[in-house]
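Peer 1: the amino acid sequence is not available; the structure is as follows:
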């Protein structure tokens, strides 16, 4: 039982705020909307059972009106639900498990990564070497190592998966901005891990494109991890300069009145690099194919990994289920599907390949755009 003022003195903090699903017509900035400590702590307090506004206010030692304002926003946008007159319950999945469970998950994910490296990565590399010489592929400095980082991450994230991707759709929340998705966050812990925990955090597999805009016929896929040095968060990418990069590649910046500002943006974010005093080169892999066409070229999940994947899903669910509240357990059960292609496994695959010398270390310039591919559609 928490005492009055507890969360005002010792607040918890979220990390890895992510979502699965779609954006709306006007993007709700999820990473920004849930960035305040007060917001995160309200969600944490109301996660396991409904709680009233007054009780939450006492745990912060703040006026009720402060909490009411926060809860109004959270409820309006689907992050909380009203269970009775004055009681609220968090409507998102928080990863908040014990140290012992975290350690066992690390062992399971690491073992899965080893199997992926052994059974699947070699066929990825063979396929990439087969297709890489086509003019459809641009790789900065023709660096095969640079492209393999992205190809491995992309293949593991998008091909190690069962065909049915509708399992989570019944749990999608329709938000005020028109988006439909599920929100995930990890509760940051202060206990000491036996492994390099930081290495396996801050991952995100996502896509970025501009809906219904014939001026920008591209899509960007990215996998954020410990190994890159870019700012995290999908919703920041538009402002990071991807449309500017596309216009640069199409020679559409030369007469733009905002050319200097737009050039500065893509230089700062590492999308282009200076070659000499007057010239810049693109510093990102791009492919003159659609994402789906490239995806179809890559090898499918080997049969022996299919049964392993199913067994791993069951093990992870049974290990963790008691640490999730009743109203979240069914969502958690479905979110455990395809564990083998989760960021938790994919980032360990990269780590294993780096240890084995199959992938080589990256320089600071490469880290700005590693595991990013622009598909010209």
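Peer 2: Perfect, thanks for sending it. Computed from a predicted structure; not experimentally measured.

Peer 1: can we go C-alpha only for contacts and neighbour counts from here?
Peer 2: Will do.

Peer 1: mind giving me the domain split of the protein?
Peer 2: As assigned by automatic domain parsing, the chain contains the domains 6-95, 99-172+205-302+342-376.

Peer 1: run the chain-centre distance for the first one.
Peer 2: For domain 6-95, the distance from its own C-alpha centre to the chain's C-alpha centre is 21 Å (Cα atoms, centre = their mean, to the nearest Å).

Peer 1: could we number from 6 for the rest of this?
Peer 2: Sure, I'll start numbering at 6, so the last one becomes domain 11-100.

Peer 1: could you pull out the buried residues of the helix or strand containing residue 301?
Peer 2: Counting by DSSP states H and E, the element that carries residue 301 is helix 296-302. Of the residues in helix 296-302, residue 296 count as buried by neighbour count, 16 or more other Cα atoms under 10 Å.

Peer 1: what's the mean pLDDT across that helix?
Peer 2: The predicted model assigns helix 296-302 a mean pLDDT of 95.

Peer 1: all strands for the stretch 156-305 of the chain, in order.
Peer 2: In chain order, the stretch 156-305 of the chain shows strands spanning 178-179, 185-192, 209-213, 223-229, 277-279, 285-287, 290-292, with DSSP state E, counting those that start in this stretch as the criterion.

Peer 1: kindly apply the preceding question to the stretch 6-155 of the chain instead.
Peer 2: Going by DSSP E, counting those that start in this stretch, the stretch 6-155 of the chain shows strands at 19-26, 56-57, 85-87, 92-95, 98-100, 142-143.

Peer 1: and the fifth one, which strands flank it?
Peer 2: The one in question is strand 98-100. Each strand paired with strand 98-100, and its direction, by DSSP bridges: strand 185-192 (parallel).

Peer 1: likewise for the third one?
Peer 2: Using DSSP bridges, the strands paired with strand 85-87 in its sheet are strand 92-95 (antiparallel).

Peer 1: format the strands of the stretch 156-305 of the chain as TSV; extra columns: mean pLDDT, distance to residue 125 and mean neighbour count.
Peer 2: As requested, the strands of the stretch 156-305 of the chain are exported to TSV (pLDDT from 0 to 100; distance: least, Cα to Cα, whole Å; neighbours: other Cα atoms under 10 Å):
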stretch	mean pLDDT	distance to residue 125	mean neighbour count
strand 178-179	87	35	18
strand 185-192	87	28	19
strand 209-213	74	19	19
strand 223-229	90	19	21
strand 277-279	92	32	18
strand 285-287	93	30	17
strand 290-292	96	22	21
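
Peer 1: compare the domains of the chain and give me the one nearest residue 333.
Peer 2: Ranking those by proximity to residue 333 (Cα to Cα) places domain 11-100 first, at 6.7 Å.

Peer 1: how far off centre is the helix holding residue 301?
Peer 2: On the basis of Cα atoms, centre = their mean, helix 296-302 sits 20 Å off its chain's mean C-alpha point.

Peer 1: and that helix, what other elements does it pack with?
Peer 2: Contacts of helix 296-302 with other secondary structure elements, assessed using 3 or more Cα pairs under 8 Å, 6 or more residues apart in numbering; DSSP states H and E, are made with helix 149-164.

Peer 1: by mean pLDDT, show me the worst of the domains of the chain.
Peer 2: Comparing these by mean pLDDT, the weakest confidence falls on domain 11-100, with a mean of 86.

Peer 1: mind checking the longest helix of this structure?
Peer 2: When secondary structure is assigned using DSSP state H, the longest helix within the chain turns out to be helix 104-124.

Peer 1: with distance to residue 267 added, can I get the strands of the stretch 156-305 of the chain in JSON lines?
Peer 2: Rendered in JSON lines, the data for the strands of the stretch 156-305 of the chain read as follows (distance: least, Cα to Cα, whole Å):
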{"stretch": "strand 178-179", "distance to residue 267": "34"}
{"stretch": "strand 185-192", "distance to residue 267": "31"}
{"stretch": "strand 209-213", "distance to residue 267": "18"}
{"stretch": "strand 223-229", "distance to residue 267": "18"}
{"stretch": "strand 277-279", "distance to residue 267": "12"}
{"stretch": "strand 285-287", "distance to residue 267": "14"}
{"stretch": "strand 290-292", "distance to residue 267": "20"}
